[in-house]
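Undergrad: Any chance you can model this:
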Amino acid sequence: MNINLSKQQIEMIKSFQKSEIAEYHIYIRLSKVIKDSENAKTLAQIGNEEKGHYEIWKHYTNEDIKPNMFKVKWYYYISRIFGITFGIKLMEGGENKAQKNYDKMLANIPEAKRIMDEEHVHENALIGMIDEERLQYAGSIVLGLNDALVELTGALAGLSLALQNTKLIAMAGLITGIAASFSMAASDYLSKKADDTQKNPLRSAAYTGTAYVITVALLILPYLLFTNYLVCLGITLCIAILIIFGFNYYISVAKDLNFKHRFFEMAVISLGVSALTFAIGFLVKKALGVDI
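TA: Numbering: from 1, shown residues only. The predicted structure is shown next:
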């Protein structure tokens, strides 16, 4: 069937080709390294469908288009480092933008509707197929991360004004943080063990404790590097905001949650507690007449 396409439409189809062939390589590469055989099979199937879409578009351009290898490597390594769920959904998010352009082709190319429908199937298949451990224990990570942010930013704010000595603040914060991480991990273990639906309370506790310790280390780091306690406190609060931003972005992409709401809620709680404890540190210092 003869279809007259404008130069602009041809260029758009070429961009579809480039995207589809890149995603084919990403899916195929991931299918070769994923341990679960069923997941690997599904990824390979989706990759081959992406290759089929590429061939459909090629029928209208009569050109072979090379994939963007930077994109292939970028999403491959993101998926390997941060998990396949996160990497693929991040990529699919960009693909959703391309789907809007398919609408412009529906009047001229009948296959565009089928490709668009298959892309939606891909997304649903991915959501249903992937069962990653790190997402199973996302609640435990949130518990450790959030508790460390709230408690330690508050403690460091109070200690900063009360002690005004970065080495003392770092020592007190480190002791407090490590003790609290063991306490939080133990509490999570006992809580999960009491819940009959939990398969591995020890692993849950490990995720909680690890998230807590890593957060503690990052928040205390400025006090080990600089001497001005107010500068250290400012950097610590910036680090806390970056941790909150990074984690909530990860979870919002991987689990299709509202990023803005989660980020602002967590940031307000953490910074609010810090401001409150800073004020308490000031009042305690004045009331006890302590001067260090």
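
Undergrad: Would you mind splitting this protein into its domains for me?
TA: 7-131, 134-288 (automatic domain parsing).

Undergrad: tell me which element the residue nearest to residue 215 when sequence neighbours are not counted is part of?
TA: Spatial nearest neighbour of residue 215, excluding adjacent residues (Cβ to Cβ, 6 or more residues apart in numbering): residue 148 at 3.8 Å. The way it works is simple: take the backbone N, C-alpha and C, and place the C-beta from them, glycine included. Assessed by DSSP states H and E, residue 148 sits inside helix 138-163.

Undergrad: Name the residues of that helix that are buried.
TA: Neighbour-count burial for helix 138-163 flags 138, 140-163 (criterion: 16 or more other Cβ atoms under 10 Å).

Undergrad: Just after that helix, pick out the following helix or strand.
TA: Using DSSP H and E, the helix or strand that directly follows helix 138-163 along the chain is helix 166-194.

Undergrad: and residue 186, what is it in contact with?
TA: Neighbouring residues of residue 186 by Cβ atoms under 8 Å, 6 or more residues apart in numbering: residue 205.

Undergrad: measure it to residue 208 for me?
TA: As judged by Cβ to Cβ, to the nearest Å, residue 186 and residue 208 stand 9 Å apart.

Undergrad: Check the gap between the residue most central in space within the chain and residue 7 for me.
TA: Centroid check for the chain by Cα atoms, centre = their mean gives residue 250 as the closest residue, at 1.4 Å. Distance, residue 250 to residue 7, by Cβ to Cβ: 41 Å.

Undergrad: ditto for residue 183
TA: Distance, residue 183 to residue 7, by Cβ to Cβ: 67 Å.

Undergrad: Need the contact partners of stretch 24-32.
TA: Stretch 24-32 has contacts (Cβ under 8 Å, 6+ apart) with 40-41, 43-44, 46-48, 50-51, 54, 67, 71-72, 75-76, 79, 84, 87-88, 91.

Undergrad: let's see it at 10 Å
TA: Here stretch 24-32 makes contact (Cβ atoms under 10 Å, 6 or more residues apart in numbering) with 39-54, 67-69, 71-76, 78-80, 84, 87-88, 91, 122, 126.
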